[in-house]
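> quick one, fold the following:
(chains A and B)
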Amino acid sequence: MKAGLRFKPESGQLTVGYMPLLDSAPLLWAAHRGYFHDAGLSVNLVREVSWASLRDRLAYGALDAAQCLAPMPVAASLGADGVGVPIVTGLCLSHGGSAITLSRSIAHRLGITPGMNPVESARAVGRFVQTGGRLRLAHVFAFSMHHYLLRDWLALGGVDLDSEAIEFRVAPPPQMVRLLESGAVDGFCVGEPWNTAAMRGNLGVIVTPTSAIWEGNVDKVLGVTQEWATTHPQTHRALIAAVMLALRDLATRDVVREMTGLLLKRKVLSVPEAWIDAAFHGPDAISPPRFAHGLTAFPRRSQMMWCALQMLRWRQWAKPLPLAALSAQVCDGAAFADAAAALHFPLPAYDTVREGGGEVELGLDGTTIESRFISGDQLDPENPAAYLTARGWLPDAAQAVITG
Amino acid sequence: MSICNERVRGNTQSRTPAARRQAVSLRVMLVDDDDARTAFVTQALLATGNDVVARLSSTEDLLAAVRRVQPDVVLVDMDNPARDVLDNCAAVTQQVPRPIVFFARNSDPDTIAAAVRAGVTAYIVDGLSEPRLKPILDVAIARFREHQKLRDELEEMRTRLADRRDVERAKAMLGKLRKLDEAAAYALLRRSAMARRITIGEAARTMLAAAELFDTPGEP
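The predicted structure is shown next:
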């Protein structure tokens, strides 16, 4: 399928940034299968070593597009990241894929066992903290689902996150296992294969995949600056279409072996093949990266609302926040729809869903997607303030901070 | 490079505290895994009258170091894996007594773009004005660029040496195979390179690689 036939890219030469993680697979696969070429694009894939450098290079034009953490476009468009160059997304790349791991000794002390219900394990942490226990927990970036879902999990157990009992740290994913081994941290929330690595090394217990805390959470998105999206609408659509084809392939299991070979060949990950394999589909695959495909790849405004609400909740943003306008700015739904239409892929009928509503309708043809919170509540995009009041905010404060 | 390198002092040391306060001197922490570049940047910062209060590598506990040495500015190699650790200081201020704010917030976009291109970024303590930061950032940008230029030159020299060696070998091979004199062999190589829009060194290497394939004995 020639994805580019409908589009006339303003610029055929693109530099696209990625982090060497399992879920860089959609971009690598699109290059490997020639989908970029089919879309009329010549893509130079550039490896970055940190989310901050990836964001800076994207913000200042050294990258045309990049694999971003889902909350990054919101943080950038809001200015919460300190850079404040608006980033938008027209495609989700992956869901879940990360997990929370505690060191064996801490898990043992708290009575947490693999497979335990995440609410129960969070309560065990809550009891530990109430009796004076302290934990140092690492995640990957200030504006990441890893960070927010780790906090969301702890909040389930009634842990007071404003107290000094929990110290949050950031560490590069490849250093996580070493930090756990040296005792520098007691646990972490990170993508695969690092949870599998900690478990196989007998250093950690995988407490829960983050997909159990929010089933259907969006983990990575394809980000471009708002300015670039405005000046390169056709290139953006061609790029999205090419990656959509890669996502379609990855949704089918029969490419996993070839994909694993590609990840190893490109030295994306320098870990034993068995770990990658396990992280994809092996017997220990507690948190396989579930690549987006079809309508789960559609960036919903309600997902971005959830991200922005976490920035309020955890005080990364303490000023009025125009939630509806911000989420509309961040999601380039038109680019997604045009790319999907060119490929005869399903089209979205709505730009928000009731997050946490279970099986919710999204497609023009009635296609549904899954969105479930373990807490059992929902985020109503028509009444986002209720999400905050359900978490202890005074109604007046919640209404005042969300300004439309 | 370790924390033992804390407090590499500049020529501000001899000044009185009052004079120091009036001078532009800032307390700078450097985070870079490239020792040579760190030395290079340190030298330039000291020469402009600043204090380099710590030089660290990415594997050290940066959060603790920031708390302890309380720098005004943290200069960091953009491709340092510790970037995300420092970015977190900026986002989660409650854990650091002196919050660090990413430099770009109120800064001149041209300076930032230049810094990104040069591969250096800075974090500043909240409240530090841009006019005070700019000279330091300019010094760092210049030094990062110079360092890159030196590295590029070295790389270019290596390539040129390799080219010369491979072109000589390809010429000799062509001379033997096609019975050409040296000038004719060189002309043939150059034509081949031009037709394929590659350098003559690359053309020579392609030819040598192909010859190697033909020389390889077949499967028994």
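> domains for chain B, by residue range?
B:3-151, B:159-215 (automatic domain parsing).
> which of those domains sits most buried?
Most buried of those by mean neighbour count (mean count of other Cβ atoms under 10 Å in any protein chain shown) is domain B:3-151; its value is a mean of 18. In short, each C-beta sits where N, CA and C put it, glycine included.
> how's chain A carved up into domains?
Taken from automatic domain parsing, chain A resolves into A:3-95+A:217-335, A:98-215, A:349-401.
> low pLDDT regions in chain B?
For chain B, the stretches with pLDDT under 70 are B:1-24, B:90-107, B:215-220.
> one step back: quick check: which of the domains of chain A is nearest to B:A184?
Among the domains of chain A, domain A:3-95+A:217-335 comes nearest to B:A184, with 36.9 Å by Cβ to Cβ.
> for the record, mean pLDDT for that closest one?
Averaged across domain A:3-95+A:217-335, pLDDT comes to 89.
> pick out the residue of the stretch 301-404 of chain A closest to chain B.
Closest residue of the stretch 301-404 of chain A to chain B, Cβ to the nearest Cβ: A:Q316 (5.4 Å).
> re the thing from before, now the domains of chain A as TSV including mean neighbour count?
Listed next are those as TSV, based on neighbours: other Cβ atoms under 10 Å in any protein chain shown:
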stretch	mean neighbour count
domain A:3-95+A:217-335	22
domain A:98-215	21
domain A:349-401	16
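> can I get these in JSON lines with distance to B:V125?
Below are those laid out as JSON lines (distance: least, Cβ to Cβ, whole Å):
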{"stretch": "domain A:3-95+A:217-335", "distance to B:V125": "13"}
{"stretch": "domain A:98-215", "distance to B:V125": "18"}
{"stretch": "domain A:349-401", "distance to B:V125": "27"}
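> what residues does A:L264 make contact with?
Applying Cβ atoms under 8 Å, 6 or more residues apart in numbering or on different chains, one finds that A:L264 lies in contact with A:E273, A:I276.
> host element of it?
Here A:L264, judged by DSSP states H and E, is contained in helix A:256-265.
> quick one: that helix to chain centroid distance?
From the chain centre to the centre of helix A:256-265 is a distance of 22 Å (Cα atoms, centre = their mean, to the nearest Å).
> restrict it to CA atoms and write it as PDB.
What follows is helix A:256-265, C-alpha atoms only, in PDB (Å, rounded to 0.1, in the frame of the first residue of the first chain):
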ATOM      1  CA  VAL A 256       7.700 -10.300  17.000                       C
ATOM      2  CA  ARG A 257      10.700 -12.500  16.100                       C
ATOM      3  CA  GLU A 258      11.800 -10.300  13.300                       C
ATOM      4  CA  MET A 259      11.200  -7.200  15.400                       C
ATOM      5  CA  THR A 260      13.300  -8.600  18.200                       C
ATOM      6  CA  GLY A 261      16.100  -9.300  15.700                       C
ATOM      7  CA  LEU A 262      15.800  -5.700  14.500                       C
ATOM      8  CA  LEU A 263      16.000  -4.200  18.000                       C
ATOM      9  CA  LEU A 264      19.100  -6.300  18.700                       C
ATOM     10  CA  LYS A 265      20.700  -5.500  15.300                       C
END
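> tell me how far B:R197 lies from B:A203.
According to Cβ to Cβ, to the nearest Å, B:R197 stands 10 Å off from B:A203.
> check which element follows the longest helix anywhere in chain B along the chain.
Determined from DSSP state H, the single longest helix within chain B is helix B:130-178. The element immediately downstream of helix B:130-178 (helix or strand, assigned by DSSP H and E) is helix B:182-195.
> quick one: that following helix to helix B:130-178, angle?
Orientation check (axes from the mean of the first three to the mean of the last three Cα atoms, to 10 degrees): helix B:182-195 against helix B:130-178 gives 130 degrees.
> show me what helix B:182-195 is packed up against.
Packing contacts for helix B:182-195, counted by 3 or more Cβ pairs under 8 Å, 6 or more residues apart in numbering or on different chains; DSSP states H and E, involve helix B:130-178, helix B:200-215.
> could you check the angle helix B:182-195 makes with the shortest one?
Right, helix B:200-215. Going by the same axes, to 10 degrees, helix B:200-215 makes 100 degrees with helix B:182-195.
> same question for the longest one.
Helix B:130-178 and helix B:182-195 are oriented at 130 degrees to each other (the same axes, to 10 degrees).
> name the helices or strands packed onto helix B:130-178?
Helix B:130-178 is packed against helix B:35-47, strand B:73-77, helix B:109-118, strand B:120-125, helix B:182-195, helix B:200-215, with contacts defined by 3+ Cβ pairs under 8 Å, 6+ apart.
> tell me where the stretch 301-404 of chain A has strands.
A:358-361, A:368-373 (DSSP state E, counting those that start in this stretch).
> now these in a markdown table, with mean pLDDT and distance to chain B?
What follows is the strands of the stretch 301-404 of chain A, written out as a markdown table (pLDDT from 0 to 100; distance: least, Cβ to the nearest Cβ, whole Å):
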| stretch | mean pLDDT | distance to chain B |
| --- | --- | --- |
| strand A:358-361 | 94 | 31 |
| strand A:368-373 | 93 | 24 |
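> tell me which of these lies nearest to A:G12.
strand A:368-373 (33.4 Å).
> counting by contacts, list what the closest one packs against.
Contacting strand A:368-373 under the criterion 3+ Cβ pairs under 8 Å, 6+ apart are the following elements: strand A:214-215, strand A:358-361.
> just checking, next helix/strand downstream of the shortest one?
Heading C-terminal from strand A:214-215, the first helix or strand you meet, by DSSP H and E, is strand A:218-225.
> partners of that next one, with directions?
strand A:65-69 (antiparallel), strand A:87-95 (antiparallel) (DSSP bridges).
> my read: A:D38 touches A:L239, true?
No: at 11.8 Å, A:D38 does not count as touching A:L239 under the criterion of Cβ atoms under 8 Å.
> who touches whichever helix or strand A:A31 is part of?
Assigning secondary structure by DSSP H and E places A:A31 in helix A:25-32. Contact with helix A:25-32 is made by A:16, A:18, A:35-36, A:43, A:45, A:67, A:93-94, A:242-243, A:245-247, A:249-250, A:255, A:259, A:262-263, A:266, A:268, A:289, A:291, as judged by Cβ under 8 Å, 6+ apart.
> now with 6 Å, please.
Residues from elsewhere that reach helix A:25-32 (Cβ atoms under 6 Å, 6 or more residues apart in numbering or on different chains): A:Y18, A:F36, A:L45, A:L93, A:A242, A:V243, A:A246, A:L247, A:M259, A:L262.
> C-alpha coordinates for the helix or strand just after that helix, PDB please?
Remark: after helix A:25-32, the chain's next helix or strand is helix A:35-38, criterion DSSP H and E. Once non-C-alpha atoms are left out, helix A:35-38 reads as follows in PDB (Å, rounded to 0.1, in the frame of the first residue of the first chain):
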ATOM      1  CA  TYR A  35       6.800   2.600   4.900                       C
ATOM      2  CA  PHE A  36       8.400   6.000   5.200                       C
ATOM      3  CA  HIS A  37       9.700   5.600   1.700                       C
ATOM      4  CA  ASP A  38       6.300   4.600   0.400                       C
END
